[in-house]
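Engineer: Provided below for reference: sequence and predicted model.
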Amino acid sequence: MSAAPLVRADAVDRYVLSRGGVTLEVSAPASGIVRVRMGRGRLPEDASWAVPASVRRAGQPLQLRRSGARVELVSGSLTARVDTATLRVEVLDGNGQALFSDLSGRAALAGTRGFELRARLRGDDHVFGLGDKTGGLDRKGGSFVMWNSDAYKFTQATDPLYKSVPFFMAVSDAGKAWGLFLDNPWRTRMDFGRAERDTLSLGGEGGALDYYVVGGPTPKDVLRQYAQLTGAPPLMPLWSLGFQQSKWSYRTDAEVRAIAARLRSEQLPADVIYMDIDYQDRARPFTVNGAAFPDLPKLARDLREQGLRLVLITDPHIANAPGQGYAPYDTGMARDVFLRRPDGALYAGDVWPGSAVFPDFSREPVRRWWGDLYTGLTNAGVAGFWNDMNEPAIFNVPSKTMPLDVVHRIDSDDFAPRRASHAELHNVYGQLNSRATFEGLLRLQPDQRPFVLTRASYAGGQRYAATWTGDNVSSWQHLKMGVQQLLNLGLSGFAYAGNDVGGYAGETPSPELLTRWFQIGAFMPLFRSHAETHRADQEPWVGPAAHVAIRRHFIAERYRLLPYLYATAEENSRTGIPLLRPVFLNFPEVLAKGDRLGATEDQFMVGGDLLVAPSPTPESPGDYTVELPGPGWFDYWTGQRLDGAKVSITPRLESLPVFVRPGAIVTRQPLVQSTAFVPTGRLELHVYPGADCRGELYADDGVSLGYRRGEFLRQTVRCEQTAEGVRIRFEPREGSGTPWWSGLTLLVHGWSGGVPKAWAGMDSLPASLDADRGAVQVLLPDMRGGAVEIRR
Ligand code: GLC
């Protein structure tokens with residue numbers, strides 16, 4: 001576009017313009033983020049379930065320039081260009097290149113309600129995000145509906161699913177990224193060039209047209225910006241990164257104890273056992289079947305001694321049980337917390353307990369009431385909670401959820417108190433349910449990090465809960481598809497996510513499928529084995545001994561890697577960059593060379609340094625080639641440096657190819673059977689020399705909020721190649737935390753220089769050469785700072 005002379009430049013907080021009965025507002029909550037709102041007549045209410053008021057209200061000044069029928073608003077490197085006649089908005093990057101070009105302007109509101117907005121989609125853009133929707137990693141060419149749905153046995157073609165995250169990032173082949181978040185919880189639709197080539201369309205059935213464009217320019221920048229808007233997950237308790245064993249259901253105290261005993265006797269490291277609906281009295285939330293679990297506090301205590309914690313399910317449906325002494329119903333009725341029909345009658349729907357009633361989580365007092373329901377279970381020593389069925393799922397009705405005219409009475413945040421239909425609140429029901437749980441647990445145990453697992457959610461829900469992908473199927477296709485779902489969840493803010501290892505429904509997995517799933521699950525952010533009721537067992541010890549040994553090996557490897565995983569989780573809590581990452585997130589340049597996404601679609605990275613490359617055809621494994629982002633990578637298992645960037649793999653059941661970035665410093669710890677047991681001995685630092693060589697040490701107590709008061713230990717370690725060897729530099733430590741390790745074992749991989757001399761002004765450090773692995777090993781004291789150099 002030509003740069004017409006601009007006549008004026010003013011600083012404004014926001015820009016508002018009305019044309020033809022439509023009002024447009026452009027603002028910038030932060031530099032590099034443009035927010036656009038449009039309403040019929042006047043602007044819609046400025047409120048949100050996803051973006052906190054403090055963020056929405058923190059307007060950055062915009063530089064306003066006018067030129068004829070055009071107004072330009074500059075925020076950081078972004079410029080929003082408004083056509084004052086049509087109210088079309090175009091967002092340009094610092095080079096004047098259009099990222100987002102709205103083609104509709106005020107015509108987006110031409111209907112009587114909702115909106116329909118079309119925009120240009122560049123031909124070479126890939127599209128990611130939208131939570132755990134299936135259909136492949138790249139959303140380009142797809143059309144998706146946001147409507148939280150109980151999707152038992154979903155398939156590659158099922159849409160919508162359990163969560164609604166109307167956020168996506170577009171990334172060009174050149175690795176240039178921008179993102180768009182449509183903050184509208186109603187039923188919405190996003191089409192990425194399916195209905196119309198090179199056209200993006202966003203449609204909504206009600207509510208406001210309110211969206212944010214973030215300018216990247218890298219994919220990681222987009223995620224940081226999205227986290228500025230909707231928040232990053234809080235640092236989860238360390239134990240939630242351990243292995244979690246679940247089943248619908250472990251039905252008795254004795255059965256739970258037997259599972260715990262078997263995990264320990266099989267030497268299968270684990271941190272959590274889940275109890276599904278059958279621990280309850282007639283599937284009534286917040287009850288315990290006293291015949292099956294006569295002493296829950298004792299069970300919790302005994303398990304804790306074995307390093308195991310309990311996570312219990314608490315569904316949102318409260319049994320419709322008047323006059324039966326069921327406290328959640330009685331106290332809820334006394335406080336009028338349940339949803340009602342337009343005529344004022346209580347709404348009841350069938351779920352696990354039979355007829356049930358539903359809290360109106362859009363009211364802050366109701367969320368408090370809900371949070372208080374956890375008092376008994378937290379006092380009993382239950383460590384975490386599982387919020388399921390919160391789409392909400394309703395049985396025996398074709399819609400699988402409650403009628404859309406059920407009335408909510410919003411009383412929350414900066415919303416004006418008002419009545420709203422379930423059509424408006426449906427997609428946030430699960431998010432608000434998990435928020436009520438999270439906030440309640442924080443009130444009950446103010447210095448403990450809450451652990452909540454939710455099935456349904458909405459954008460921003462990552463602030464309250466981890467999630468899983470719901471009722472998947474024990475099939476090879478789901479094993480493969482699950483990785484892509486979890487990658488996209490990570491690109492949508494939900495960094496703590498997993499799927500049911502082994503598959504939840506369908507035929508029981510074969511030993512091969514179960515073993516492969518454990519191998520891949522060991523590298524997922526949440527590692528939880530779970531399966532439907534009335535199926536054969538699928539705990540890790542089920543099946544041939546050779547398989548059990550492989551699963552044990554991978555679970556153990558996860559525990560050894562916990563220092564690295566935890567440091568990545570801590571980074572996530574500050575930046576929003578997920579634990580699980582598609583290759584392009586770390587290496588956007590892989591998109592540049594033709595159809596490189598195709599080659600990396602089944603691969604995933606854990607943090608910045610580990611690349612996992614399962615077979616693209618796990619069901620009939622033939623040889624395959626792994627393309628690494630560049631040369632010089634290392635084999636994680638052998639420590640050996642690889643020759644080129646292509647590796648050909650002949651799959652073997654006992655192995656999963658994992659590669660390490662040259663330049664990585666990966667931390668590992670001695671094996672423990674649970675994060676409750678502090679490792680003894682040394683922290684391992686695996687150094688893989690290369691460019692930008694660095695790693696992070698991070699440790700804290702794993703459970704409390706002490707880290708927010710400085711009770712943590714964080715340290716960057718760097719390496720550089722010198723003429724004679726490698727120098728490792730330990731930067732000064734941050735935080736007041738003390739390490740668990742007595743010293744460090746430094747392993748420098750890719751060493752070819754014979755028996756080394758370690759030198760650090762301390763000339764008698766024990767060093768040894770592992771010629772087979774091409775590694776040199778040096779035992780160091782704990783290093784609070786300083787450097788060592790390993791010389792040939
Ligand atoms: C839902 C959940 C599943 C759980 C079952 C019983 O189907 O998705 O994980 O086991 O309900 O509570």
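Structural biologist: That came through fine. Numbering: from 1, shown residues only.
Engineer: for the ligand, what are the nearby residues on the stretch 351-500 of the chain?
Structural biologist: 388, 455, 470-471 (Cβ under 6 Å from any ligand atom). For the C-beta atoms, the positions are set from N, CA and C on the backbone; glycine is no exception.
Engineer: which one of these sits closest to D198?
Structural biologist: Of all those, G470 has the smallest distance to D198: 32.9 Å, by Cβ to Cβ.
Engineer: relative to L671, how far out is that closest one?
Structural biologist: 32 Å (Cβ to Cβ, to the nearest Å).
Engineer: leaving aside the residues next to it on the chain, what's closest to E684?
Structural biologist: Nearest non-adjacent residue to E684, counting by Cβ to Cβ, 6 or more residues apart in numbering: R668, 4.2 Å away.
Engineer: if we can go back for a sec, turn the residues of the stretch 351-500 of the chain next to the ligand into CSV, columns for pLDDT.
Structural biologist: Formatted as CSV, those follow (pLDDT from 0 to 100):
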residue, pLDDT
D388, 98
R455, 98
G470, 98
D471, 98
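Engineer: point out where the stretch 551-700 of the chain drops to low pLDDT.
Structural biologist: Filtered on pLDDT under 70, the stretch 551-700 of the chain yields the residue ranges 594-599.
Engineer: can you report how many residues lie near the closest residue to P525 other than its chain neighbours?
Structural biologist: With sequence-adjacent residues excluded and distances taken as Cβ to Cβ, 6+ apart, P525 is closest to L579, at 4.5 Å. When neighbours are counted by other Cβ atoms under 10 Å, L579 registers 24.
Engineer: doesn't T568 make contact with L579?
Structural biologist: Yes - using Cβ atoms under 8 Å, L579 is in contact with T568, at 4.9 Å.
Engineer: re the thing from before, and the residues of the stretch 351-500 of the chain next to the ligand as TSV, adding distance to D330, neighbour count and secondary structure?
Structural biologist: Conversion of these to TSV gives the following (distance: Cβ to Cβ, whole Å; neighbours: other Cβ atoms under 10 Å; DSSP: H, G, I helix; E, B strand; the rest coil):
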residue	distance to D330	neighbour count	secondary structure
D388	23	27	coil
R455	27	27	coil
G470	32	24	coil
D471	32	19	coil
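Engineer: tell me the phi and psi of whatever residue of the stretch 251-400 of the chain ends up closest to the ligand?
Structural biologist: Distance from the ligand to each residue of the stretch 251-400 of the chain (Cβ to the nearest ligand atom) is smallest for I277, at 4.3 Å. With angles defined as degrees, to the nearest 10, I277 sits at phi -50, psi -20.
Engineer: list the contacts for it?
Structural biologist: 248-249, 283, 313, 315, 352 (Cβ atoms under 8 Å, 6 or more residues apart in numbering).
Engineer: kindly recompute the last result at 10 Å.
Structural biologist: 248-249, 283-285, 312-315, 351-353, 386, 388-389, 533 (Cβ atoms under 10 Å, 6 or more residues apart in numbering).
Engineer: and for G129?
Structural biologist: Counted by Cβ under 10 Å, 6+ apart, G129 has contacts 139, 165-170, 179-181, 190, 222-223, 226, 459, 488-493.
Engineer: redo that, cut-off 6 Å
Structural biologist: 167-169, 491-492 (Cβ atoms under 6 Å, 6 or more residues apart in numbering).
Engineer: what does it show for phi and psi?
Structural biologist: phi 120, psi -150.
Engineer: which residue sits closest to it, ignoring its sequence neighbours?
Structural biologist: In space, G129 is closest to F168, 3.7 Å off (Cβ to Cβ, 6+ apart).
Engineer: and what of R661?
Structural biologist: Using Cβ to Cβ, 6+ apart, the closest residue to R661 is D609 (4.6 Å).
Engineer: hmm, G663 and the one you found touching each other?
Structural biologist: No - using Cβ atoms under 6 Å as the test, D609 is too far from G663 to be in contact (8.0 Å).
Engineer: pick out whichever of these two has more residues nearby.
Structural biologist: Shown here are D609 and G663; by other Cβ under 10 Å, D609 has more neighbours (23 against 20).
Engineer: now do the contacts for the more buried one.
Structural biologist: D609 neighbours (Cβ under 6 Å, 6+ apart): 660-661, 664, 666.
Engineer: for those residues, which one is nearest G332?
Structural biologist: V666 (49.8 Å).
Engineer: look up how far the ligand lies from that closest one.
Structural biologist: 33 Å (Cβ to the nearest ligand atom, to the nearest Å).
Engineer: just the element for that residue, please.
Structural biologist: strand 664-668 (DSSP states H and E).
Engineer: looks like V34 contacts T79 (just checking).
Structural biologist: No - contact criterion Cβ under 6 Å: V34 and T79 do not qualify, at 8.6 Å.
Engineer: who has more neighbours, those two?
Structural biologist: Each of V34 and T79 has its neighbours counted (other Cβ under 10 Å); V34 has more, 27 against 22.
Engineer: give me the three-state assignment for the more buried one.
Structural biologist: strand (DSSP: H, G, I helix; E, B strand; the rest coil).
Engineer: OK, contacts around it?
Structural biologist: Here V34 is in contact with 28, 75, 78, 80, 91, 213 (Cβ under 6 Å, 6+ apart).
Engineer: neighbours of the third one, how many?
Structural biologist: A count of nearby residues for L78, using other Cβ under 10 Å, gives 24.
Engineer: hmm, it is touching G215, no?
Structural biologist: Yes - because the distance of 4.5 Å satisfies Cβ under 6 Å, L78 is recorded as touching G215.
Engineer: flag every buried residue along stretch 770-790.
Structural biologist: Buried positions in stretch 770-790, judged by neighbour count with 16 or more other Cβ atoms under 10 Å: 773-778, 780, 783, 787-790.
Engineer: which residues are in contact with that stretch?
Structural biologist: With Cβ under 6 Å, 6+ apart as the criterion, stretch 770-790 contacts 639-640, 725-730, 732-733, 739, 743-751, 756, 758-760, 765-769.
Engineer: quick one: buried ones out of those?
Structural biologist: For the contacts of stretch 770-790, buried by 16+ other Cβ under 10 Å: 639, 725-730, 733, 744-751, 756, 758-760, 765, 767.
Engineer: tell me the contacts of the closest residue to the ligand within the stretch 1-150 of the chain?
Structural biologist: Residue nearest to the ligand within the stretch 1-150 of the chain: D150 (7.3 Å; Cβ to the nearest ligand atom). D150 sits next to 391, 393, 400 when contact means Cβ under 6 Å, 6+ apart.
Engineer: burial of T155, as a residue count?
Structural biologist: 14.
Engineer: please, which helix or strand holds it?
Structural biologist: Per DSSP H and E, there is no helix or strand for T155.
Engineer: how much space between it and A505?
Structural biologist: From T155 to A505 the distance is 11 Å (Cβ to Cβ).
Engineer: in this protein, what residue lies closest to the ligand?
Structural biologist: Closest point on the chain to the ligand, by Cβ to the nearest ligand atom, is W248, at 3.5 Å.
Engineer: list the residues that contact that residue.
Structural biologist: 276, 532-533.
Engineer: again, 8 Å this time
Structural biologist: 276-278, 530-533.
Engineer: for I318, same thing?
Structural biologist: Here I318 is in contact with 284-285, 326, 328-329, 332, 338, 356-359 (Cβ under 8 Å, 6+ apart).
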